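> Any chance you can model this:
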Amino acid sequence: MTSSAKITAKIEKPKAVKAKPQDANKKYATGRRKEASARVWVMPGKGRMIVNGKDIAEYFARPVLRMIINQPLAATQSVGQYDVISTVKGSGLSGQAGALRHGISRALSSISEDLHVVLSRGGYLTRDNREVERKKFGHKKARKSFQFSKR
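Reported below is the predicted structural model:
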């Protein structure tokens, strides 16, 4: 190849991508429990809760799970004041409800120092770190053994 046949590549700097302006009233937090993780956005509103694109009553059919999710809002006396939009994945419904409660609590605590004190005293900001124990070899489950027979 001759020097005139060489292709010269023009190196351009990548364009700076402008970050989308964050809504000042919208707070984000991540909650976790068991194998579930919840991404939660809390903003002032009329108390709507949307989980994975569905209404909370449709996604969590059991009233106990909805009660668990509403605990941080009830503790801070802010039921009906905030809209909650979230995406949850992993684990089962119980773990997802616990992760959602943790995420809502963390988002509320970032709104106000007064709410943080109430939530921390109620134990809502502490992650429940209990996990499923692994199955051991020679056992049916984690601890359950096969039936012993001497003969």
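> got the buried residues for the host helix or strand of Arg39?
Per DSSP states H and E, Arg39 falls inside strand 36-44. Of all the residues in strand 36-44, those buried under the rule 16 or more other Cβ atoms under 10 Å are 36-43. (C-beta placed from N, C-alpha, C; glycine too.)
> ok, so of these, who is nearest His102?
The closest of those to His102 turns out to be Ala38 (Cβ to Cβ; 7.2 Å).
> got the contact list for Gly80?
Applying Cβ atoms under 8 Å, 6 or more residues apart in numbering to Gly80 gives the contacts 46-47.
> can you give me the helices for the protein?
Per DSSP state H, the chain carries helices over the ranges 56-59, 63-75, 93-111, 113-122.
> Quick check: which ranges of the chain have low pLDDT?
1-10, 13-22 (pLDDT under 70).
> try 50 this time
The model of the chain has pLDDT under 50 over residues 19.
> re earlier: tell me which of the helices of the chain approaches Lys140 most closely.
Lys140 lies closest to helix 93-111 among the helices of the chain, at 23.0 Å (Cβ to Cβ).
> Okay, and the beta partners of the residue most central in space within the chain?
Centroid check for the chain by Cα atoms, centre = their mean gives Ala38 as the closest residue, at 1.7 Å. Beta-bridge pairing of Ala38 under DSSP bridges involves Gly31, Val88.
> Let me see the contact set for it.
Going by Cβ under 8 Å, 6+ apart, Ala38 touches 30-32, 86-88, 96, 99-100, 102-103.
> Tell me the one among those residues nearest to Arg134.
Arg32 (18.8 Å).
> give the contact list for the closest one.
Contact analysis of Arg32 by Cβ under 8 Å, 6+ apart lists 38, 99, 102, 127.
> same check, this time on Asn25
Asn25 is in contact with 43-44, counting by Cβ under 8 Å, 6+ apart.
> Equivalent analysis for Phe60, please.
Shown in contact with Phe60 (Cβ under 8 Å, 6+ apart): 51, 66, 69, 93, 97.
> And the third one, how far from Lys135?
As for Ile69, its distance to Lys135 is 31 Å (criterion: Cβ to Cβ, to the nearest Å).
> likewise the second one?
Here the distance between Arg66 and Lys135 works out to 32 Å (Cβ to Cβ).
> How about the last one?
Distance, Ala97 to Lys135, by Cβ to Cβ: 25 Å.
> Those two: which has the busier surroundings?
Remark: of Ala97 and Lys135, Ala97 carries more neighbours, 26 against 12, as counted by other Cβ atoms under 10 Å.
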